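J.: How does the following fold in three dimensions:
(one chain, ligands or ions: 1)
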Amino acid sequence: MAGRALSWVNIVVGVVIVGLSLLSTDMALFVPNLVAGILLVVAGAYLAWAGPRLSPRARGGLEALCALVGLGVAFAWLASGENLSLRALFIGLGLVALVVGALGAWRALSNPPPAAPEPTAQPKGTRWLTWTLVVVVVLALLYGGFVAFASNSNGTDVTVVLHLGTNANGSSATTMYMKCDVPASTPGACSGGDQATVTVHQRDRIHLTIVNDDKGDHSHDFNVQGWQYAFPPISPEMELHAQAQSWTFTAWASGSFKMLCEVPGHDGAGMHGELVVQ
Ligand SMILES: [Cu+2]
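T.: Below you'll find the model as predicted:
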């Protein structure tokens, strides 16, 4: 039946979104896309299998949820800095999920099937799917809540430019640095010598640019320690595949956090600094 075919479209769109999200270098959208794709697959599978046995309202609600997920995917990629072809694919996939979900919800709610006796107990075979769906939805909501809370900025923009490189000191011991480009940074936001100290206020929006003075693909790997800054889109991790890379994040959690290069030996050689969120 047509409704079931539509559910399969959700599954296929979800699988493609999961696959493409693995290709994406936009870390801010990687995890939300993964969650959105998995949500579409699980909801699509559930609708394909148990859809005809669900009440119109439950089916319509699930279809509407898929439509919202599709809208979210399309909308998020509109604002992304990812290359245009990948963005276009994601926006297209999101719009497909939006249309399929909206159509399914409309069909379920406007044409309820002839009253069938409501099953008193759910068929055993679909229970694990129900619970998987519940868990995925709860995780998605928790993550969405975290992202909404943690990325909420006070509107103050702070620019910080850091250089990562190796000192040519001629001696046998190699020393490395993570230092500020003071003229290029917001006054007062960045200080220190070879080990930078970045000082910002809580909820400032930080535009962080890392310049790799040693060139090379992934010769340095910038990260900030602490679980508060471990998850996209708040994590400013940059693997430095380009000579200069930028990242915007909100300093949502106060405290002192070590900034470092994660390439073995570089932290010890001096390639580290401190992020102080007051
Ligand atoms: Cu390094």
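
J.: Tell me how this structure divides into domains.
T.: Following automatic domain parsing, one gets these domains for the chain: 2-114+122-150, 157-277.

J.: Tell me the residues of the stretch 101-250 of the chain that contact the ion?
T.: Applying CB under 5 Å from the ion, we find that the stretch 101-250 of the chain lies next to the ion at H220. In this view, the C-beta of every residue, glycine as well, is placed from N, C-alpha and C.

J.: hey, where'd the helices end up in the stretch 101-250 of the chain?
T.: Listed in chain order, the helices found in the stretch 101-250 of the chain under DSSP state H, counting those that start in this stretch are 127-150.

J.: what's the neighbour count on the residue in it positioned nearest to the ion?
T.: Nearest residue of the stretch 101-250 of the chain to the ion, counting by CB to the ion: H220, 3.3 Å away. Burial of H220 is recorded as 22 neighbouring residues (other CB atoms under 10 Å).

J.: so can I have CSV of the domains of the chain showing mean pLDDT?
T.: As requested, the domains of the chain are exported to CSV (pLDDT from 0 to 100):
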stretch, mean pLDDT
domain 2-114+122-150, 81
domain 157-277, 89
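
J.: For the nearest residue to A189 once chain neighbours are set aside, give me its contacts.
T.: In space, and not counting its chain neighbours, A189 is closest to V158: 5.0 Å by CB to CB, 6 or more residues apart in numbering. Residues in contact with V158 (CB atoms under 8 Å, 6 or more residues apart in numbering) are T186, A189, V200, D204, R205, I206, H207.

J.: and the two most separated of the residues you listed?
T.: Farthest apart among those by CB to CB are A189 and R205. That separation is 11.9 Å.

J.: Tell me which other helices or strands the helix or strand where G273 lies touches.
T.: Assessed by DSSP states H and E, G273 sits inside strand 272-277. Applying 3 or more CB pairs under 8 Å, 6 or more residues apart in numbering; DSSP states H and E, one finds that strand 272-277 makes contact with strand 175-180, strand 197-200, strand 255-261.

J.: Out of those, flag the one nearest G144.
T.: Smallest distance to G144 across the helices and strands packed on strand 272-277 (CB to CB): 24.2 Å, for strand 255-261.

J.: what does that closest one contact?
T.: When contacts are defined by CB under 8 Å, 6+ apart, strand 255-261 is touched by residues 162, 164, 176, 178, 196, 198, 220-226, 228-229, 266-267, 271-277.
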